[in-house]
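Peer 1: Task: produce atomic coordinates for the following.
(2 chains)
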Amino acid sequence: MCSRGYTPLPDNTKLLPGARVDQQALKEQVAEAALERVAARHNDRLLLGIGTGTTAECFIRTLPAIRSRIEATVASSERSAALLRELGLPVMDLNSVGPLDVYVDGADEANAQLALIKGGGAALTREKIVAAASEEFICIADASKRVGVLGVFPLPVEVIPMARSHVARALAQLGGQPVWREETITDNGNLILDVHGLHISDPLDIETRINQMAGVVCNGLFANRPADVLLLGTSAGVEVVSGSALS
Amino acid sequence: MTFETGPGSDHEVKRPSEGLMRLARRKQMTRERDLNASGPLDVYVDGADEINSALERIKGGGAALSREKTIAGASEHFICMAGQSKRVSELDLFLLPVETIPMARSHVARRLADLSGTPIWRDGVITDNGNVVLDVHGLHLNEPGRIESLINQMVGVVTNGIFAHRPADDAFLAGSEGVQRITREGRS
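Peer 2: From the prediction side, this is the model:
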């Protein structure tokens, strides 16, 4: 059973009676599908990267089923690391394990090319680091996260504290409205600006341009390193969207 | 006027490093304000570990590079002061510092090795932002802007010590013949 934590929904979501429960069932469904994919890998001693958020937590709770094959896990947040330890799974530092086999994580938005927006939970930098250090990235989400064009969900940008205003001015020049997520300090001691109103038709270009801004630590666009496969929970079952099928 | 470092009592200072600010306070020569409160600056004044004829620099031997780069980026005019010995035809002699999120240290080191550099962890050094520094040896930077962009794209990198996207506008280089001023083309 997954924890039924609060999941923020976009303002335009019409919440019908029972919708919360359905969304939870979809997350459990894709978590099981991700476990099957991980278990189907040929190596016996798996090095797993683990994401952050309610969907990732559903996946973590499936892992005891393949405990004997897990050499180590690397978590993208303290919260996920605590849950992994609670379940008796080995948690290691990324610097001591080297490249990982698979990274499994959720997303706030995904497009058809498997470019993502992540970071609603403020763990974007660690998530991006673990994803970049992994051979395969399996993204799991319920169907509400699929969009045509990224950017309805505000794009999180992690900045060093002294650069907050400077970066906000540069982001405004990109056409967005940056809003400082006050009270939030990341695991790295930095701040988050949420950029509203970006219509991100070229995610790779926007990711690259934001990375070049002095004072930016990371941004929540995963386009340079998109997911390799997206497992989407729908009321009709799990839909598998493969990145390689499009290229 | 707002200066990064100023010799007179009228000048305000945006802090590039805690060490410099301690010095400034001791000399009672500055009023300090946070960069977030000040808005864009008029002038930034800083040194260099290496500077070429296009006034592109390598900086960060002192591990304050992220703050230095942020302030340089927020300033309208950028003056570099250095000895003639810092002037090079190609930026390749010094170590290139790369500030990195601690958990990404090994990952970034592997990516830097892919660029044919040899990264060495500056063990024991933590930056003002709580990060670690990798010093890269042996990179030949005949295209500093391209290398700066490539390293900025590496996940886990906070800043690198190449200042090519935002070069100095003026350089004052001191030698035995006096001070030479070099102004970047397009600036006066």
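
Peer 1: would you list every one of the helices in chain A?
Peer 2: Counting by DSSP state H, chain A has helices at residues A:19-39, A:54-60, A:78-86, A:94-97, A:124-132, A:164-173, A:203-211.

Peer 1: who's in contact with residue 159?
Peer 2: By default, I'm working from chain A. Listed by Cβ atoms under 8 Å, 6 or more residues apart in numbering or on different chains, the contact partners of residue A:159 are A:167, A:190, A:191, A:192, A:193, A:215, A:216, A:217. C-beta coordinates here come from the backbone N, C-alpha and C atoms, glycine included.

Peer 1: My question was about chain B, not that one.
Peer 2: Applying Cβ under 8 Å, 6+ apart, one finds that residue B:159 lies in contact with A:214, B:60, B:65, B:66, B:69, B:98, B:99.

Peer 1: That one belongs to a strand?
Peer 2: Yes. When classified by DSSP: H, G, I helix; E, B strand; the rest coil, residue B:159 is found to be part of a strand.

Peer 1: Spatially, what comes nearest to it if we skip its sequence neighbours?
Peer 2: By the measure of Cβ to Cβ, 6 or more residues apart in numbering or on different chains, the closest residue to residue B:159 outside its immediate chain neighbours is residue B:66, 4.2 Å from it.

Peer 1: Now do the one you found, the pLDDT please.
Peer 2: Here the pLDDT value assigned to residue B:66 is 88.

Peer 1: circling back: which one of the contacts of residue B:159 sits in the busiest neighbourhood?
Peer 2: Of all the contacts of residue B:159, the highest neighbour tally under other Cβ atoms under 10 Å in any protein chain shown goes to residue B:98, namely 30 neighbours.

Peer 1: give me the element that residue is part of.
Peer 2: Counting by DSSP states H and E, the element that carries residue B:98 is strand B:96-100.

Peer 1: for that strand, the distance to its chain's centre please.
Peer 2: Here strand B:96-100 is found 11 Å from its chain centre; the criterion is Cα atoms, centre = their mean, to the nearest Å.

Peer 1: For it, list the C-alpha coordinates in CSV.
Peer 2: Taking only C-alpha atoms (Å, rounded to 0.1, in the frame of the first residue of the first chain), the coordinates of strand B:96-100 have been written out as CSV:
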residue,chain,number,x,y,z
LEU,B,96,40.2,25.3,-14.3
PRO,B,97,37.9,25.3,-11.2
VAL,B,98,34.5,23.7,-11.5
GLU,B,99,32.1,24.2,-8.5
THR,B,100,29.9,21.0,-8.1
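
Peer 1: Out of the contacts of residue B:159, which one has the weakest pLDDT?
Peer 2: Across the set of the contacts of residue B:159, residue B:60 stands lowest in pLDDT, at 76.

Peer 1: Kindly confirm my reading that it is in a helix.
Peer 2: No. Assigned with three-state DSSP, residue B:60 falls outside any helix and is coil.

Peer 1: Quick one: residues contacting it.
Peer 2: By Cβ under 8 Å, 6+ apart, the contact set of residue B:60 is B:49, B:68, B:97, B:99, B:133, B:159, B:160, B:161.

Peer 1: quick one: it from residue B:45, how far?
Peer 2: With distances taken as Cβ to Cβ, to the nearest Å, residue B:60 is found 16 Å from residue B:45.

Peer 1: For residue A:157, name its beta-bridge partners.
Peer 2: In this structure, residue A:157 has the following beta-bridge partners (DSSP bridges): residue A:193, residue A:219.

Peer 1: pLDDT wise, what is it at?
Peer 2: For residue A:157, the predicted pLDDT is 98.

Peer 1: isn't it right next to residue A:196, touching?
Peer 2: No. Checked against Cβ atoms under 8 Å, the pair residue A:157 and residue A:196 is beyond contact range at 11.6 Å.

Peer 1: can you list the domains in chain A?
Peer 2: What the record gives for chain A is the domain set A:19-147+A:224-246, A:155-219, from automatic domain parsing.

Peer 1: Redo those domains as a markdown table? Include distance to residue B:107.
Peer 2: A markdown table is the format used below for these (distance: least, Cβ to Cβ, whole Å):
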| stretch | distance to residue B:107 |
| --- | --- |
| domain A:19-147+A:224-246 | 5 |
| domain A:155-219 | 13 |
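
Peer 1: quick check: angle from the strand holding residue B:98 to helix A:124-132?
Peer 2: With axes from the mean of the first three to the mean of the last three Cα atoms, to 10 degrees applied, the angle from strand B:96-100 to helix A:124-132 works out at 110 degrees.

Peer 1: Partner strands of strand B:96-100 and their direction?
Peer 2: Here strand B:96-100 has these sheet partners by DSSP bridges: strand B:132-137 (antiparallel), strand B:157-160 (antiparallel).

Peer 1: How about residue A:164: what's its closest non-neighbour residue?
Peer 2: Of all residues beyond its chain neighbours, the one nearest residue A:164 is residue B:36 (5.1 Å), with distances taken as Cβ to Cβ, 6+ apart.

Peer 1: Then residue B:129?
Peer 2: Of all residues not flanking residue B:129 in the chain, residue A:160 sits nearest, at 5.2 Å (Cβ to Cβ, 6+ apart).

Peer 1: unless I'm mixing things up, that neighbour is touching residue A:217, no?
Peer 2: Yes. Assessed by Cβ under 8 Å, residue A:160 is found in contact with residue A:217 at 6.3 Å.

Peer 1: list residues touching both of those two?
Peer 2: With contacts taken as Cβ under 8 Å, 6+ apart, the residues that reach both residue A:160 and residue A:217 are A:190, B:158.

Peer 1: among the contacts of residue A:159, which two are most distant?
Peer 2: Farthest pair in those (Cβ to Cβ) is A:192 and A:215. Separation: 13.1 Å.

Peer 1: Pull the contacting residues for the residue nearest to residue B:159.
Peer 2: Listed by Cβ under 8 Å, 6+ apart, the contact set of residue B:66 reads A:160, A:214, A:215, B:99, B:127, B:128, B:129, B:131, B:158, B:159.

Peer 1: Low-confidence ranges, chain B, go.
Peer 2: Across chain B, residues meeting the criterion (pLDDT under 70) sit at B:1-32, B:93-94, B:187-188.

Peer 1: Got the domain ranges for it?
Peer 2: Domain assignment of chain B by automatic domain parsing yields the ranges B:12-86+B:165-183, B:96-163.
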